[in-house]
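In: Just need the structure, nothing else, for what follows:
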Amino acid sequence: MSTAAITLASAAALLEIIGIWITISDLRKTRRRLADYLRRPRTMHLSAAAEVTSAGSLTAAGPEQTLEQRVEHLETWQRGLDEELRERDDKMTKRLTNRFERQLKASEDTMGDQLEGLRELVAGEGPQHWLRAYKGPAILAFGVLVGLAGNVVGALPD
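Out: Numbering: from 1, shown residues only. Just a heads-up that it's a prediction; the model follows:
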């Protein structure tokens, strides 16, 4: 075997070992990044609670009212009750709608944070060129090509 073939075979072996080592190292880093992602604290966005106040209650005047005055007072109160209930229903609907929208926004923010963390995990440290992302397998493939060149050089007659 010629000196060139031995040199190429040695370089190929060295490149293959380096490529395998880098690939294993990248796999371990990825595993650690995944473990860090799974251990990271979760951010839960909460919305403020809606407050509900009760409507005023019916108050009766003192004993100086006559029965007719009391009945008239009750009838007047009863006529206004429908409008009061409609207003209360509108206020409660608006409060519940606002609360639901706040809760929905809080859930959206929470899920957005989780999705962003997952994107960072999958994408890595930022935009990378494919050769940098796959440098271990690329070096390994280059080592195989150098080994093939060494075999071809070794097969040639001296």
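In: Quick check: chain neighbours aside, which residue is closest to the residue most central in space within the chain?
Out: For the chain, the residue nearest the mean C-alpha position is residue 114 (1.4 Å; CA atoms, centre = their mean). Closest residue to residue 114 in three dimensions, ignoring its sequence neighbours and counting by CB to CB, 6 or more residues apart in numbering: residue 42, at 7.2 Å. Using the backbone N, CA and C atoms, a C-beta is placed for each residue, glycine as well.
In: Could you say which helix or strand holds the residue nearest to the centre of the chain?
Out: If you go by DSSP states H and E, residue 114 is part of helix 67-123.
In: Looking at that helix now, give me its mean pLDDT.
Out: Average pLDDT, helix 67-123: 87.
In: which helices and strands does that helix pack with?
Out: helix 3-39 (3 or more CB pairs under 8 Å, 6 or more residues apart in numbering; DSSP states H and E).
In: what angle sits between the helix it packs on and helix 67-123?
Out: Orientation check (axes from the mean of the first three to the mean of the last three CA atoms, to 10 degrees): helix 3-39 against helix 67-123 gives 170 degrees.
In: in helix 3-39, what counts as buried?
Out: Residues 5, 8-9, 11-12, 15-16, 18-19, 22-23 are the ones in helix 3-39 that count as buried (16 or more other CB atoms under 10 Å).
In: which other helices and strands contact it?
Out: Counting contacts by 3+ CB pairs under 8 Å, 6+ apart, helix 3-39 packs against helix 67-123, helix 135-155.
In: any idea how far the residue nearest to the centre of the chain lies from residue 102?
Out: 19 Å (CB to CB, to the nearest Å).
In: for residue 35, same thing?
Out: 34 Å.
In: and what of residue 80?
Out: 32 Å.
In: so who does the residue nearest to residue 114 touch?
Out: Residues in contact with residue 42 (CB atoms under 8 Å, 6 or more residues apart in numbering) are 110, 113-114.
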